[in-house]
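Peer 1: predicted model, plus sequence, below.
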Amino acid sequence: MILIADCGSTKTHWCLLDQNSVKKEYFTIGMNAVLLTAGEMEDIIRRELLPEMCELAGAVKEVYFYGAGCLGDEICGNVASAIRAVFTAAERIEADTDLLGAARALCGHRPGIACILGTGSNSCYYDGEKIVSNISPLGYILGDEGSGAVLGKILIGDVLKQQLPEDLCQKFMARLGLDRLGIIRRVYKEPAANRFLASTSPFLLANIERPEIQALLIGAFSAFFRRNIANYPEAEKYPVSFIGSIACYYEPQLRKAAKPFGYTIGSIEKSPMAGLIAFHTA
């Protein structure tokens, strides 16, 4: 059996394959490999996943883990060690970044530009086997253009600086339930500011017909293409594909932003799991 994991900071999607078909799926809390030790990750897997799998755990022969924070050989090695301690019968264990997972899910064994647009953003040129080049996303303070966090940052800034029509500003503040000082406190004083900023995305979707919101979205996605994708010469030759909720929710605006650059938009998927299953069973 093959076990595939798509792991984010808040949740992990596990999929167990038997003879190239899905046998069972599991969901556990997320694990950011930068923040957790191998022992802590092992404890989470033992506590949350192992009881659900029961006797099936001993039949797992291959594990492919794609996770947030899997940056560099040392961290990936820690993740692999945690998995190996639980799935002792596994003959092959691979731990890689969620960006490689996105590339394999979107492109399979073909070259292309693979992107993530969710709470954060990322991108790479993938040659069909490995990531060849990656423009650092830099996080929501210095980068992460087009992400949910940056969309929220632009939206809140425009509201507080009265750059949007008064009715939209009032509507947003009423929906958020915070005053100006409360917003500033959430962004600058409390943890997980990126998640708070990204949590405002539903307001954009609910008011998508407003030209001001359209302009905000297209401008943010244009910045993503200009500051990231334009740095890959291969983007002129291969399609640019996306994984993530933001890409899915705002697909029309994303496609419109891509047009002036001449890019061909490939597939847009909310989750990488279906593509990863296809990749590992091909």
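Peer 2: Structure received.
Peer 1: now residue 81, nearest residue through space, not along the chain?
Peer 2: Using C-beta to C-beta, 6 or more residues apart in numbering and skipping the chain neighbours, the partner closest in space to residue 81 is residue 38 (4.7 Å). The C-beta positions use only the backbone N, C-alpha and C, and glycine is treated the same way.
Peer 1: was I right about residue 240 contacting residue 261?
Peer 2: No - counting by C-beta atoms under 8 Å, residue 240 does not reach residue 261; the two are 9.1 Å apart.
Peer 1: identify the contacts common to these two.
Peer 2: Common contacts of residue 240 and residue 261, defined by C-beta atoms under 8 Å, 6 or more residues apart in numbering, comprise residue 229.
Peer 1: higher neighbour count, those two?
Peer 2: Taking other C-beta atoms under 10 Å, residue 240 and residue 261 do not tie; residue 240 has more neighbours (25 against 14).
Peer 1: neighbours of residue 136, how many?
Peer 2: Residue 136: 10 neighbours (other C-beta under 10 Å).
Peer 1: OK, contacts around residue 50?
Peer 2: By C-beta under 8 Å, 6+ apart, the contact set of residue 50 is 57, 86.
Peer 1: strands of this structure, start to end?
Peer 2: With strands called from DSSP state E, the chain shows them at 2-7, 11-18, 21-29, 62-67, 92-97, 112-117, 121-126, 131-133, 240-243, 265-269.
Peer 1: JSON lines please, covering the ones you listed and showing distance to residue 234.
Peer 2: Output for the strands of the chain, formatted as JSON lines (distance: least, C-beta to C-beta, whole Å):
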{"stretch": "strand 2-7", "distance to residue 234": "25"}
{"stretch": "strand 11-18", "distance to residue 234": "29"}
{"stretch": "strand 21-29", "distance to residue 234": "33"}
{"stretch": "strand 62-67", "distance to residue 234": "22"}
{"stretch": "strand 92-97", "distance to residue 234": "19"}
{"stretch": "strand 112-117", "distance to residue 234": "7"}
{"stretch": "strand 121-126", "distance to residue 234": "5"}
{"stretch": "strand 131-133", "distance to residue 234": "8"}
{"stretch": "strand 240-243", "distance to residue 234": "10"}
{"stretch": "strand 265-269", "distance to residue 234": "13"}
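Peer 1: of those, which is nearest residue 207?
Peer 2: The closest approach between residue 207 and any of the strands of the chain, judged by C-beta to C-beta, belongs to strand 112-117 at 19.5 Å.
Peer 1: the closest one: how far from the chain's middle?
Peer 2: 10 Å (C-alpha atoms, centre = their mean, to the nearest Å).
Peer 1: partners of it, with directions?
Peer 2: According to DSSP bridges, strand 112-117 forms sheet pairs with strand 121-126 (antiparallel), strand 240-243 (parallel).
Peer 1: switch the ones you listed over to JSON lines; also include distance to residue 166 and mean pLDDT.
Peer 2: Formatted as JSON lines, the strands paired with strand 112-117 follow (distance: least, C-beta to C-beta, whole Å; pLDDT from 0 to 100):
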{"stretch": "strand 121-126", "distance to residue 166": "31", "mean pLDDT": "95"}
{"stretch": "strand 240-243", "distance to residue 166": "34", "mean pLDDT": "96"}
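Peer 1: nearest to residue 198, of the ones you listed?
Peer 2: Nearest to residue 198, of all the strands paired with strand 112-117, is strand 121-126, at 10.9 Å by C-beta to C-beta.
Peer 1: any idea how far that closest one is from the chain center?
Peer 2: 11 Å.
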